[in-house]
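J.: sequence-free structure coming up:
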């Protein structure tokens with residue numbers, strides 16, 4: 001679309017066309033009853049398109065609770081053709097937390113508290129498990145903002161004492177922005193579903209999304225989402241968000257996954273705020289740290305004893321949450337009394353995994369990594385590794401490997417807790433021994 005502001009003739013011409021179109025649309029709408037389903041749909045689409053565009057001014061915290069199920073009969077060959085004869089059993093769960101916003105119709109994510117949004121695809125940020133986008137604003141734009149989508153009124157439904165209008169929709173392949181990853185390629189797929197509108201308020205109440213025909217090589221044979229919407233008050237305005245979004249995927253391996261997505265802590269950008277987009281996975285303060293008073297460069301292999309600053313509760317903690325620890329003892333240069341890191345210095349990083357395994361043995365796995373240390377007001381890179389109990393890992397069948405940025409990630413500490421309980425807590429003050437790594441091993 002032309003953006004030249006000096007061409008007043010072009011702008012007047014566009015305004016004139018828009019005025020004529022609005023008059024025609026108004027005439028059509030006024031010729032129909034106020035509660036006509038087609039009238040309600042058109043008015044709701046206008047409202048929802050505006051809501052979707054409005055989301056570009058907001059940031060919310062997105063929490064994804066993921067559950068992984070296995071077929072009890074273990075008949076993987078029938079995974080996509082027959083229901084599991086013995087049903088499915090919960091194998092393990094985990095939780096991930098991000099911040100999300102929308103820019104030019106695309107959802108962007110960052111780790112909570114980071115100063116930059118990450119422009120990479122979501123699967124490059126979260127390397128393990130099933131991930132998706134769309135719940136924050138992508139579905140609203142793709143369904144109600146595309147001219148290629150078809151709609152059909154199917155009747156009324158009663159929900160929470162209200163009479164709602166229900167519609168079916170279909171987004172054909174040539175109009176779809178819905179993509180799935182097959183190998184290394186992202187391929188568009190058609191999708192359809194239904195939604196419910198409150199005819200009195202024009203608010204979207206419920207939306208379902210069903211993936212259509214999948215391309216060859218797709219790692220799953222079925223996917224469906226259900227989103228329950230509500231208006232959320234943020235400051236002096238309202239935004240349309242899912243109260244809860246549930247994504248169910250049936251994998252060709254025979255396993256099934258369920259992602260439950262919620263949004264919280266939404267905020268609007270202030271006039272003086274600035275969005276900076278980056279491919280960096282961590283806050284810019286780390287990369288921007290410059291040598292100065294208190295700045296340290298650490299050799300490989302130095303022991304560092306850390307004391308956890310706050311507890312990590314498996315019931316609420318998530319991968320992506322910030323974490324901090326205090327250095328318990330001064331860290332000395334090998335063979336000398338030179339203090340590289342004084343006692344009481346603070347190291348900061350993030351939780352990498354919060355997982356609860358129920359089969360074949362119940363245990364919790366919590367992984368943490370640190371990337372910076374604060375000494376005398378200066379921020380320096382800090383990379384270290386905590387060795388997990390290898391014997392316990394073998395007994396539990398725990399996989400200690402963790403992938404990040406396309407390589408095996410070594411700068412991590414993994415803690416295993418065998419337990420039949422549904423919750424575990426690493427207490428504040430918990431001490432663990434780490435060994436420094438080369439700053440290039442991220």
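T.: Thanks, I have it. Computed from a predicted structure; not experimentally measured. Numbering: from 1, shown residues only.

J.: can you tell me how far residue 184 sits from residue 249?
T.: 20 Å (CB to CB, to the nearest Å). (Glycine included, C-beta is placed from N, CA and C.)

J.: Figure out how far the helix or strand encompassing residue 227 is from the centre of its chain.
T.: Counting by DSSP states H and E, the element that carries residue 227 is strand 220-234. Relative to its chain's centre, strand 220-234 lies at 13 Å (CA atoms, centre = their mean, to the nearest Å).

J.: for that strand, which positions count as buried?
T.: 220, 222, 223, 225, 226, 227, 229, 232, 234 (16 or more other CB atoms under 10 Å).

J.: what's the pLDDT at the last one?
T.: On the pLDDT scale, residue 234 is placed at 93.

J.: could you give the mean pLDDT of the strand or helix carrying residue 248?
T.: Element membership of residue 248, judged by DSSP H and E, is strand 237-251. What strand 237-251 shows for mean pLDDT is 93.

J.: What strands line up against that strand, and which way round?
T.: strand 220-234 (antiparallel), strand 256-268 (antiparallel) (DSSP bridges).

J.: Between the ones you listed, which one is closest to residue 349.
T.: strand 256-268 (20.8 Å; CB to CB).

J.: from the chain's centre, how far out does that closest one sit?
T.: Remark: strand 256-268 is offset 7 Å from the chain centroid, using CA atoms, centre = their mean.

J.: Quick check: mean pLDDT of it?
T.: Rounded mean pLDDT across strand 256-268 is 95.

J.: want to throw the strands paired with strand 237-251 into a markdown table with distance to residue 368?
T.: As requested, the strands paired with strand 237-251 are exported to a markdown table (distance: least, CB to CB, whole Å):
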| stretch | distance to residue 368 |
| --- | --- |
| strand 220-234 | 31 |
| strand 256-268 | 22 |
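
J.: out of the ones you listed, which comes closest to residue 198?
T.: strand 220-234 (10.0 Å).

J.: Is there a neighbour count for residue 299? I'd like the number.
T.: 10 (other CB atoms under 10 Å).

J.: Ok, residue 336 next?
T.: 8.

J.: Surely residue 89 and residue 256 touch.
T.: No - using CB atoms under 8 Å, residue 89 is not in contact with residue 256; the gap is 10.3 Å.

J.: Common neighbours of those two, please.
T.: residue 69 (CB atoms under 8 Å, 6 or more residues apart in numbering).

J.: So for those two, which sits in the more crowded spot?
T.: Neighbours were counted for residue 89 and for residue 256 using other CB under 10 Å; residue 256 has more, 21 against 12.

J.: That one touches residue 72, doesn't it?
T.: No - look at residue 256 against residue 72 with CB under 8 Å: they stay out of range, at 11.6 Å.

J.: Where do the helices of the stretch 301-442 of the chain begin and end?
T.: Using DSSP state H, counting those that start in this stretch, the helices of the stretch 301-442 of the chain run over residues 390-396.

J.: which residue is nearest the centroid of the chain?
T.: A centroid search over the chain (CA atoms, centre = their mean) returns residue 98, at 5.1 Å, as the residue closest to the centre.

J.: All good on my end, thank you.
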